[in-house]
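Trainee: The sequence isn't on hand, but the structure is:
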């Protein structure tokens, strides 16, 4: 079949861009008058997806109709994210039209109904996501489908490869060994990375570390590190810092090492959903893109950690190791105690203080954080060839205790733009023990909720400081933790949750 | 554990409402200055969910930050939907705060990971959806989870009950038999409902028919009927029309018979996803809420229909019948030929014309639409006790042929607010046969895409007119169908798709 003649290619779907200062994070949104010539001629309804084009660049945005005088009929108001992608400013002309059919969505529907993804499907999906062709509704469906119909090994390899190829790569010419570490989250306060990077680079290893911001936790390593130094380094800055100091601790999202991941993380966060396949692809695509050849993976195991049993940890470890091998990367897995938070602080600045006290060798530094960092650094030193098998732990301790790691850490912070003092919160209130007893349980998930309700990680100084560990004896009205917030509203909100959850820290009566 | 003192309950999170005329359909959206006192004191970030309260009413909205002069620091701009729910107008004071934790989301996550829904979970989810506590991202996850982890019988009964209880009910005191029909979509142009209602009510049955608008098709029955008469009847209007004429054909969304369904349908449409469990719960919750006791279900079966095999139809039929029985409703299932579109028109007004020609007994009326309507009406007359077993078909034919159905239909239209002439499109172009041959296949799904790209169902006159059936001999350059559109842009868009899909109507060369 064919139509009788080609449709007119001459169109006048031009509108003048307006910037109303609307901040939608990375979501492209456009506001157009329902009675404008484009909506009328194209039949574009509110909630429709619209392709905006200007100067050879284009973006697919969600359309909201405006009735009334907010904008004129020949104008389109763009969210800041849409302006950035298009590179347009107030007054520039843009063209609006129906978007091309997003073919890869049929593969998402296929997955929902039980079909496997092949490599072509995942490449198409990730490429469309990076091009912002997926709406939030469609992103949510992809993420949910991957969690409900867990990906098999080949699918995870294909997803990792697709996420990797959608972004930039770091290269380290002349370096056959580039090390990295990653913790499969779920454990508040487990901020070993800055310490491990300082030890490894002080021992001569190359460690260009990129970290993520929090997904569902009160702080990611990038959030914590940002309380100590700038982390928004571009590719050139990372190359420069690593060239100079052998390592860095940068936010992965500021470079485009795996650009789909940041979009997926925003939606995963809204769903509080973090599937194994997304986790593996997310972790490894960033490590491989950073040029890593040898990676230590820390998997905390505990009843309220992300990984709840040794069996689940072993399955995840095997999947991570197998997928890594498919890309020629060596991994060492370290299962750690995930029964309770690490260190004292939970939240970016409070965790940063713990890191500093370990690096500076303070007498009161949290010993659990120190021990975990030394264990991981020891394995990494051996994996990367800086220490003989069995000698890594001893080398790591010496490097920390002699102050070499602290010295190196300060140099890295300076190279990243200058060291900062972590901020302190204006509002805090202690939560008191209801009776006498021994601390028997600490609910990581609900404790994380308290810190998040208090404003972490966006409010850097917010979170909480834990005064007890499992096994600590407490007396009635003794402070067990202190909530920190930058505003009274957030403090109230966190305390309302505390009041409704009296058993976050469980006591065994004596 | 307890906090040392109760948080202050005195808050001043007041902002003045602005209406900027922003039409987001049923989605609640609020724009606030990032530097306003509420965002600062509550730590509310862009994309956060915010609970807005005014005069005892509340709604949870998605927040977008505004930087700049669009609104003042003491103002909040609300989408029209948010204004409607709150009942506020320009200048009214509203309060904004963190929303209560949406507890039912943890049950959605449980489903994603393979847990069953129990009745409590589904009641909580549906109740939160009706209260607009779910964002689009969260709605999409619920819908995707239900499709990827198909609900079992008990879950579908619970979902149906939850959707039913979330809305209004129609009661028909003194009527022990109230009939209904429903077609499990997927077949363009299958618009038997207005004809069946006319026949059934002309024969004395009570049939308060509520229909939906299109989910993924170019027209729902409500869209088609709206080309002939008003369908936005409230409960009182439905009662009045049915009291007077014995039946109606109203849009279910204008009453709140199953209010969650309309929200779910909007998101399903964006995903082009329509799961069996949602389908069963959606159909039956509305029938039961309308007070129906006896229901005929039409399931078209064909390779490109929604149900593709007799086996799949039998499974779906059994699920529909079993769930209906759980609510004391009798159903009769009629499997029909779903290999090709019914009638000639696809799109609201074009389908309405086919309905009129059958009711008026025109010589050229589409015989397939007539035969299907008579078959369903016959089964319904027997199920409802208006005809003895075996006599239903004959009574249906006589009622149609003697003009009693047409007369009744006009009276129903008048009672609903007055009969209308279906509109005609300004733009049309025929699609021509590429060669000589016999029509061997018609791809319902892609044909529906053409009609939707042309603007159906929102553009009432848009869609297409099919000039052939399977088996029709055609010659090169003979029109096989004609695309209708209300705007040139939509016509072009549909024709571009036609050009890329030359085999929608398949020919067998002779």
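Mentor: Good, I have the coordinates. Note that this is a predicted model, so its numbers are computed, not measured. Residues are numbered from 1 along each chain as shown, chains lettered A, B, ... in the order given.
Trainee: does the residue of the stretch 351-500 of chain A found nearest chain B sit in a helix or strand, and which one?
Mentor: Taking C-beta to the nearest C-beta as the measure, the stretch 351-500 of chain A has residue A:492 as its residue closest to chain B, at 3.5 Å. From N, CA and C alone the C-beta is placed, and that goes for glycine too. Using DSSP states H and E, residue A:492 sits in helix A:488-500.
Trainee: Would you state the helices of the stretch 151-300 of chain A in chain order?
Mentor: Listed in chain order, the helices of the stretch 151-300 of chain A (DSSP state H, counting those that start in this stretch) span A:153-165, A:193-202, A:221-226, A:235-245, A:259-271, A:276-289.
Trainee: and the top strand by length along chain A, average pLDDT?
Mentor: If you go by DSSP state E, chain A has its longest strand at strand A:57-66. Average pLDDT, strand A:57-66: 93.
Trainee: How about that strand and chain B, any contact?
Mentor: Yes - Strand A:57-66 reaches chain B (C-beta under 8 Å from any C-beta of the partner chain) through A:64-66.
Trainee: Pick out whichever of those residues sits closest to residue A:213.
Mentor: residue A:64 (28.1 Å; C-beta to C-beta).
Trainee: State the number of residues packed around the closest one.
Mentor: As a burial measure, residue A:64 scores 21 neighbours (other C-beta atoms under 10 Å in any protein chain shown).
Trainee: any idea how far it lies from residue A:30?
Mentor: 8 Å (C-beta to C-beta, to the nearest Å).
Trainee: Same check on residue A:289?
Mentor: Applying C-beta to C-beta to residue A:289 and residue A:30 gives a distance of 32 Å.
Trainee: what do you get for residue A:76?
Mentor: Taking C-beta to C-beta, one finds residue A:76 at 5 Å from residue A:30.
Trainee: Now the element after the worst-scoring helix or strand of chain A on mean pLDDT, going C-ward?
Mentor: The helix or strand of chain A with the poorest confidence is strand A:2-3; it has a mean of 44 (mean pLDDT, DSSP states H and E). Later in the chain than strand A:2-3, the nearest helix or strand by DSSP H and E is strand A:14-19.
Trainee: buried ones in that next one?
Mentor: A:15-19 (16 or more other C-beta atoms under 10 Å in any protein chain shown).
Trainee: Which other helices and strands does the following helix or strand past it contact?
Mentor: Remark: after strand A:14-19, the chain's next helix or strand is strand A:22-23, criterion DSSP H and E. Strand A:22-23 is packed against strand B:57-66, with contacts defined by 3 or more C-beta pairs under 8 Å, 6 or more residues apart in numbering or on different chains; DSSP states H and E.
Trainee: packing partners for the strand it packs on?
Mentor: Partner elements for strand B:57-66 (3+ C-beta pairs under 8 Å, 6+ apart): strand A:22-23, strand B:29-33, strand B:49-54, helix B:80-86.
Trainee: can I get these in CSV with mean pLDDT?
Mentor: Below are these laid out as CSV (pLDDT from 0 to 100):
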stretch, mean pLDDT
strand A:22-23, 92
strand B:29-33, 95
strand B:49-54, 92
helix B:80-86, 91
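Trainee: List the buried residues for the helix holding residue A:492?
Mentor: A:489-498.
Trainee: If you count contacts, what does the helix or strand following it end up packed against?
Mentor: Downstream of helix A:488-500, the next assigned helix or strand under DSSP H and E is strand A:505-508. Where contact means 3+ C-beta pairs under 8 Å, 6+ apart, strand A:505-508 is packed against strand A:437-442.
Trainee: packing partners for the strand it packs on?
Mentor: Against strand A:437-442 (3+ C-beta pairs under 8 Å, 6+ apart) you get strand A:473-474, strand A:505-508.
Trainee: got the end-to-end distance for stretch A:101-117?
Mentor: This stretch, stretch A:101-117, spans 19 Å end to end (C-alpha to C-alpha, to the nearest Å).
Trainee: Please work out the average pLDDT along it.
Mentor: On average, stretch A:101-117 scores 94.
Trainee: check whether that stretch contacts chain B.
Mentor: Yes - contact of stretch A:101-117 with chain B (C-beta under 8 Å from any C-beta) involves A:101, A:105, A:109, A:111-114.
Trainee: Which parts of the stretch 351-500 of chain A are strands?
Mentor: Here the stretch 351-500 of chain A has its strands, by DSSP state E, counting those that start in this stretch, at A:427-432, A:437-442, A:463-466, A:473-474, A:479-485.
Trainee: Spell out which parts of the stretch 201-350 of chain A neighbour chain B.
Mentor: A:266-267, A:270-273.
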